[in-house]
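[1] Kindly return the folded structure for what I paste below:
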Amino acid sequence: MFLNTCIGLIAGHSGDSLTDILKRKGYRVAIVGGVKNEPGMDKADFELVEDLSNYKEIIGFFREHEVNKVIIGTGHHKAILLADVLEKSGIKTNINYSKSLLAKDKIKFKEELIKLEIATPKYLSIDVNKDVSIDEITGKIAIPCVVKSSVDAIQPVKANSVAELKEAIEKVKATNTVVLIEEYIKGNDCTVAVESNGKNIRSLGVTYYCKAKEYRLKGFDGAYSRKMSEDKESEICKIAVEIAKQLGFTGS
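    From the prediction side, this is the model:
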């Protein structure tokens, strides 16, 4: 047991399960979340509610509880930037900063998938200061389509009409990030976790979680996550492992 060792955790939707795992292993948990009642906060030993860009407060919190290792439990762009600051402060994290930036930049990531000839929805991007006509957009990407911030500055929206498309584009531009407009693919929503130490890579299996449903994302009525056949699970796990291998992702 490691009762005197405290592990830091940057909370996300998996905060509950990550806290449970750490506690079962005998660690104490010091959790940081951007808002009150993030998953896992009710189970952790110590908690801090703080904007993830307030590095001084977060580092001070971890120092107070003698935290030397932090698990980044969310893919939010602020959490990835925080990981870099933590590493430079001597606090180890579970992610590779440069590779995480690649994974988080949706446009660069899609470009890499295309190079690897891995199927990804059609898309186009719009710079913050660039205006593109709706006709030009819909000539390439049909409605309904999905509108995202390239770095997840705000939640994605499914635009089911021209009016919704215009509104979604302006909301992303207001965050001062590149707009990503993506072909809408109707299908089963799931996640494949992959673990890699740079040499050995393995899939941790399929998690049936539908963000659009859980977060009630605008326009995604009818979104679902449903158990697939073992053959289909095996197929998508192999694809996920291949992506991690080809792009050099490490961590989990």
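[2] what about the strands in the protein?
    Using DSSP state E, the strands of the chain run over 6-10, 28-33, 46-49, 69-72, 92-93, 123-126, 145-149, 157-159, 179-183, 191-196, 201-207.
[3] Show me what the shortest one is packed against.
    Using 3 or more Cβ pairs under 8 Å, 6 or more residues apart in numbering; DSSP states H and E as the contact definition, the elements that strand 92-93 packs against are strand 69-72, helix 77-88. For the C-beta atoms, the positions are set from N, CA and C on the backbone; glycine is no exception.
[4] mind checking how far residue 121 is from residue 242?
    Applying Cβ to Cβ, to the nearest Å, the value for residue 121 to residue 242 is 18 Å.
[5] Can you flag the weakest of the strands of the chain by average pLDDT?
    Among the strands of the chain, strand 191-196 carries the lowest mean pLDDT, a mean of 86.
[6] show me what contacts the residue positioned nearest the centre of the chain?
    Nearest to the geometric centre of the chain sits residue 75, at 3.1 Å (Cα atoms, centre = their mean). By Cβ atoms under 8 Å, 6 or more residues apart in numbering, the contact set of residue 75 is 12, 100, 103-104, 152.
[7] export these to CSV and tack on distance to residue 176?
    Formatted as CSV, the contacts of residue 75 follow (distance: Cβ to Cβ, whole Å):
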residue, distance to residue 176
12, 23
100, 21
103, 21
104, 16
152, 13
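[8] for those residues, which one is nearest residue 231?
    Here the nearest of the contacts of residue 75 to residue 231, counting by Cβ to Cβ, is residue 103; it sits at 26.9 Å.
[9] Of the helices and strands packed on strand 92-93, which stretch is the most buried?
    strand 69-72 (a mean of 22; mean count of other Cβ atoms under 10 Å).
[10] centre of the chain versus that one, how much separation?
    For strand 69-72, the separation from the chain centroid amounts to 15 Å (computed by Cα atoms, centre = their mean, to the nearest Å).
[11] and that strand, what does it pack onto?
    The contact analysis (3+ Cβ pairs under 8 Å, 6+ apart) places strand 69-72 against strand 6-10, helix 77-88, strand 92-93.
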